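J.: just need the structure, nothing else, for what follows:
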Amino acid sequence: MISKEEVVKLAGLARLKVPAGELHKLAKDLEAILGYVSELKSAPIHNLPPEKYELKNVLRPDEKPHEPGLYTDDLLAQVDKTIKGYVSVKPILNKE
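T.: Just a heads-up that it's a prediction; the model follows:
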């Protein structure tokens, strides 16, 4: 079982503030997640042919890329706000 102290330490590493009342529930949730991951570790994949689990690139190869800046003006014209040629977005993280 994951202790409340471990949850507090994980929350600190993730820079999250977890209310004391939610520590027990979060510990149970983390325990369930880790239990599921350990089930995946025991999945029988040793008899599968390589094409079933082989990693492959599904993106196009980088051949003959277009010239830099070719589409920049068109793309920037579609956003709400730009600053000096960059897309401006509202901040979502605190500097704490």
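
J.: list the buried residues in the host helix or strand of Leu34.
T.: Leu34 is part of helix 23-41, with elements assigned from DSSP states H and E. Of the residues in helix 23-41, 23, 26-27 count as buried by neighbour count, 16 or more other Cβ atoms under 10 Å. The way it works is simple: take the backbone N, C-alpha and C, and place the C-beta from them, glycine included.

J.: could you identify the helix or strand that succeeds it?
T.: Scanning the chain past helix 23-41 towards its C-terminal end, the next helix or strand to appear is helix 72-76 (assignment: DSSP H and E).

J.: and the next element down the chain from that following helix?
T.: Of the helices and strands lying after helix 72-76 in sequence (DSSP H and E), the nearest is strand 82-83.

J.: what strands flank that next one, and is each parallel or antiparallel?
T.: Within its sheet, and counting by DSSP bridges, strand 82-83 is paired with strand 86-87 (antiparallel).

J.: re earlier: turn the buried residues of helix 23-41 into TSV, columns for distance to Val89.
T.: Rendered in TSV, the data for the buried residues of helix 23-41 read as follows (distance: Cβ to Cβ, whole Å):
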residue	distance to Val89
Leu23	33
Leu26	29
Ala27	34
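
J.: report all helices and strands that the helix holding Leu34 contacts.
T.: When contacts are defined as 3 or more Cβ pairs under 8 Å, 6 or more residues apart in numbering; DSSP states H and E, helix 23-41 packs onto helix 4-13.

J.: helices and strands around the helix it packs on, which ones?
T.: helix 23-41.

J.: can you list contacts of the helix it packs on?
T.: Applying Cβ atoms under 8 Å, 6 or more residues apart in numbering, the contact partners of helix 23-41 are 1-4, 6-8, 10-11, 18.
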